[in-house]
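Q: I need the structure of the sequence given here:
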Amino acid sequence: MSTPQKHTNNLIKESSPYLLQHAHNPVHWEAWHDEVLQQAKDEKKLILISIGYAACHWCHVMEHECFEDEEVAETMNAHFINIKVDREERPDIDHIYMDALQMMTGSGGWPLNILALPDGRPFWGATFVKKQEWIQVLNQLQQLYVDDPNKIIGYAENMASGLKEINAVNSSDNQEYIQVAEIELMVNDWTKYFDTFLGGYKRAPKFMMPTNLNFLLHYSHTKQDNNVAEYVNTTLKRMAWGGIFDHVGGGFSRYSVDTKWHVPHFEKMLYDNGLLISLYANAYAATKNELYKNVVEKSIRFLQEELLDKSNGFYSSLDADSLTNDNKLVEGAFYVWQEVQLKQLLKDDYPIFRDYFSINSYGYWEEDNYVLIRDSDALDIAMNHSITKLELQQIISKCLSLLKDEREKRNKPRLDDKILTSWNGLALKGLTDAYKYLENETYLELALNNANFILEHMIAEDGGLFRNYKNGKRTIHGFLEDYASVIDAFLGLYEISFDEQWLNHSLQLANYVIEHFSDTETGLFFFTSNNEDGLIRKTLEVADNVIPASNSIMAHNLHKLSKYFPEDNFEVRLNKMMKTMKPSIIKNPQNHANWLHLSLLMDQKFFEVVSIGENFKPICKTLMKNYLPNVIFAASNAKTSNLPLLMNRYVMNKTLIYVCNHGSCQMPVEEPNKALDLVSPII
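A: Numbering: from 1, shown residues only. So this is what the prediction gives:
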C-alpha cells in the first residue's frame, strides 16, 4: 500500500463494505495499516480507533450524527489519526480494544470508539456518543495530552498491563481431567439460570447460544437427563417459533430484545446460521422432531438465496436496517407486517394465519407492526378451526409463499458481501451436519462447492489461509478462528464424503497451526500467527461465546485428528491444553461450554467406527443418521489405504464394520444394527 495521504479519506481504497460505507465521510479516515500506525508515531498524534461492522444499527446512527458532520470532522481531522476498523475483518484488533473498553466502563458494544497513544495503547473508550458530547470529549482529551501528557501516558501504561493480565492463561500441572461427576455438578448449578418456560436464560436480551445448547443436548442424551433434555427442546422450539426466526424467508437474526424470542435485532449473520444449522440438525437426529428439520431446510434455503456468491463462498450478513417506501432507513422494515396488509394478501386464509402467527397482542411490536411469532402447537390451532394438521400446514405454507412474493417487492436490507474464511467454515460444518442427518444431496453439493472455494481462493502460497475475499482480492492473513473452523468443517466433510483429501487438508492445516500459532507454555494457540506483529498484545482466545473460542474448536479438532492419525502426537498437545484449561472450565462452565463438551467426550467412551468394502456407503448412511456425538467414522472400498484406521482391514467380497475404542477394536460385524449396539452413549 502507498504511503497514506494527508487530508483525505482513504477508505475508498478498501474492499470491506463497512469501511466503504464511511468512504465519503468528511473525516480523514484510514484503514488499519502499518504505514498509518507509523504516521501516528512520526507525527506524535493520538490515534482515534472506531470499530464496527456493516450490519450494526448503532454504528449507522453514530455515522449519521457524528462522522458525516463537518463540525465533528474538523475536530477529528485537526488532532487525531482516525482509523476505521471492520471488526469482522480484524477480530484481532477488536478483541484487544473491546477488552480495554470493558475494563474502562464495565460493558462493551459497537460502535467501539477508542482513543490511544501513537503506539496504540488505549486510554479512553466509549460506544455510541452524541455529537456535542463527542466533540467535547475529543477536545478535552486532546488538550490534556498537550498540557499533561504524562497523565494520559501513565493511564495508558496501566491499561496495557491490565490488558495482558486479563488475557493471561497460566499453564497448569493438573494431572486429572474433568470427570463426569464434576460435569454433573456444573450442569446442576447451571440449571438455576434456565428459563424453562420460554427457553434460553432468565433475562433479556436473549442470545441464541448454539455451543451451549449443543453441549447440553449431548449431555442430556448421554446422561438420560430428562429435565435438561426438556429445557433444550423448549429453547429450540421457542427460538424456531419466535420472531428471531424468519418464518417467511428462513434464517435467524442475531438476538431478541425480549424474553420470548419475539422482536429481534434484525441483522442476519452467516455465523449464527451456520452454527444453528448444525445445532438443529443434531437435535433432529436426536429427537426426529420435524420442526427442527424444517428449520434446517429453511435456513439453508436462506443461505442459498441471500448469501451465496457465484464463486460458492458465502457472504457475511444482511443489515438490520432497510429502506421504507418513503426512503427512510428503519430497523426491521423489510420483515414486519401490518394487519391490514395481511388481510388484503391472505383473504379467507387470514383468520387461520392470524391465530398461527399471533396477529394479536402477543405478536404486536410497535407502530401498527407485527413480528410473526408462534405460541401454540399446530394441532391445537387445527382443531380450533376444525381442519386437519396437514390442511393447516398446507394453508400456512401457501400464506408464507404469498408473503415472500410480496416481501420481494420491498427494499432489501443492505448486504455485506465480503467473504470471511472462518464464517464459511462454520456454514460448511452446518451443511455437513445437515447432509448427515437429512440426507439431502443438495446439501452435499453445496458443501463440496464451498470447500472447493476455500481451497481455490483462501489458501496462501505457504499453505496457510487468508481471512477475507472480495472481488478476487485477499488482503488479510488468517487468524486462529479461520484455521479452526475450516479444519472442523473439512473433518465433517470427510465423514460424509469419505474422500481422504479433506482429511489430509485438515491434517496439513493443523500442522500449520501448530508451527505458526503455538504458545509453548500453555499448549494453547495465539489468535494471531507468530509472524504477525504491530498489536499491543498477543491474544489467547479461550472463552466460548455465541461462536465457540478458536482454541476450543482447535482442541476438538486435535481430539478427532488424534483418532485418525494416532502417531502424530495430537493427543499429547490436546492433553496439555485440557490440563491448562481445567481451572477456567470449572470456574465458569457457561463461558466454556465447548471445552466442557470436549471434557465429556474425553471422559466417556469414544468410538472409531470403520466400514470397509464395496457396500460401505449405504452402511455408513444408515449408521450416521443416528445421533452419535461420541463417534467418528472412516470408510473406504479400497484394498489398501495409508489411513491408520483403514490399514489391513479389507476382506474380499465382504463389507465389514469395525467398532474401535482408542484403537482397540471389537470383532467386525456386517449388520449396521449390530454395530450400533456396540456404540453405547452411556458412560
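Q: all strands of the stretch 151-300 of the chain, in order?
A: 206-207, 255-256, 264-265, 268-269 (DSSP state E, counting those that start in this stretch).
Q: quick one, which of those is packed in tightest?
A: For the strands of the stretch 151-300 of the chain, the largest average neighbour count (mean count of other CB atoms under 10 Å) is found in strand 268-269, namely a mean of 25. (Each C-beta comes from the backbone N, C-alpha and C, glycine too.)
Q: sorry, back to before: let me have the strands of the stretch 151-300 of the chain in CSV, extended by mean pLDDT and distance to E290.
A: What follows is these, written out as CSV (pLDDT from 0 to 100; distance: least, CB to CB, whole Å):
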stretch, mean pLDDT, distance to E290
strand 206-207, 95, 24
strand 255-256, 96, 24
strand 264-265, 92, 24
strand 268-269, 96, 23
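Q: Let me have those strands in a markdown table, extended by distance to E521.
A: Formatted as a markdown table, the strands of the stretch 151-300 of the chain follow (distance: least, CB to CB, whole Å):
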| stretch | distance to E521 |
| --- | --- |
| strand 206-207 | 33 |
| strand 255-256 | 36 |
| strand 264-265 | 39 |
| strand 268-269 | 34 |
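Q: K576 is nearest to which of those strands?
A: K576 lies closest, by CB to CB, to one member of these: strand 206-207, at 31.5 Å.
Q: neighbouring strands for the closest one, and are they parallel or not?
A: strand 255-256 (antiparallel) (DSSP bridges).
Q: Return the distance of the strand it pairs with from the chain's centre.
A: Distance of strand 255-256 from the chain centroid (CA atoms, centre = their mean, to the nearest Å) equals 15 Å.
Q: again, but for stretch 129-137
A: On CA atoms, centre = their mean, the centre of stretch 129-137 falls 34 Å from that of its chain.
Q: Quick one, grab the pLDDT at P118.
A: Per-residue confidence (pLDDT) for P118: 95.
Q: In terms of helices and strands, where is the nearest residue to it once chain neighbours are set aside?
A: Leaving aside its sequence neighbours, P118 sits nearest to A40 (CB to CB, 6 or more residues apart in numbering; 4.2 Å). Applying DSSP states H and E as the criterion places A40 in helix 34-43.
Q: and after that helix, which helix or strand comes next?
A: For helix 34-43, the following helix or strand on the C-terminal side (DSSP H and E) is strand 46-52.
Q: That next one - contacts with which helices or strands?
A: Packing contacts for strand 46-52, counted by 3 or more CB pairs under 8 Å, 6 or more residues apart in numbering; DSSP states H and E, involve helix 34-43, strand 80-86, helix 91-105, strand 112-116, helix 131-147.
Q: quick one: strands adjacent to that strand?
A: strand 80-86 (parallel), strand 112-116 (antiparallel).
Q: Looking at those strands, which is nearest to Y350?
A: Short answer: strand 80-86, nearest of those by CB to CB, at 43.3 Å.
Q: what does the average pLDDT come to for that closest one?
A: So the average pLDDT for strand 80-86 ends up being 97.
Q: so it versus helix 131-147, what angle?
A: 130 degrees (axes from the mean of the first three to the mean of the last three CA atoms, to 10 degrees).
Q: what are the ranges of the helices in the stretch 501-650 of the chain?
A: Remark: helices assigned in the stretch 501-650 of the chain by DSSP state H, counting those that start in this stretch are 550-564, 570-587, 593-603, 616-624.
Q: circling back to that earlier point, quick one, what contacts the residue nearest to P118?
A: Shown in contact with A40 (CB atoms under 8 Å, 6 or more residues apart in numbering): 46-47, 81, 118-119.
Q: Just to check, N468 is in contact with R474?
A: Yes. N468 lies in contact with R474 (CB atoms under 8 Å); the separation is 6.3 Å.
Q: sorry, back to before: the strands paired with strand 46-52 into CSV, with extra columns for mean neighbour count?
A: Listed next are the strands paired with strand 46-52 as CSV, based on neighbours: other CB atoms under 10 Å:
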stretch, mean neighbour count
strand 80-86, 24
strand 112-116, 24
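Q: so can I have TSV of those showing distance to L420?
A: Output for those, formatted as TSV (distance: least, CB to CB, whole Å):
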stretch	distance to L420
strand 80-86	10
strand 112-116	18
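Q: Identify whichever of those lies nearest to N449.
A: strand 80-86 (26.0 Å).
Q: any idea of the angle the closest one forms with helix 34-43?
A: Going by the same axes, to 10 degrees, strand 80-86 makes 160 degrees with helix 34-43.
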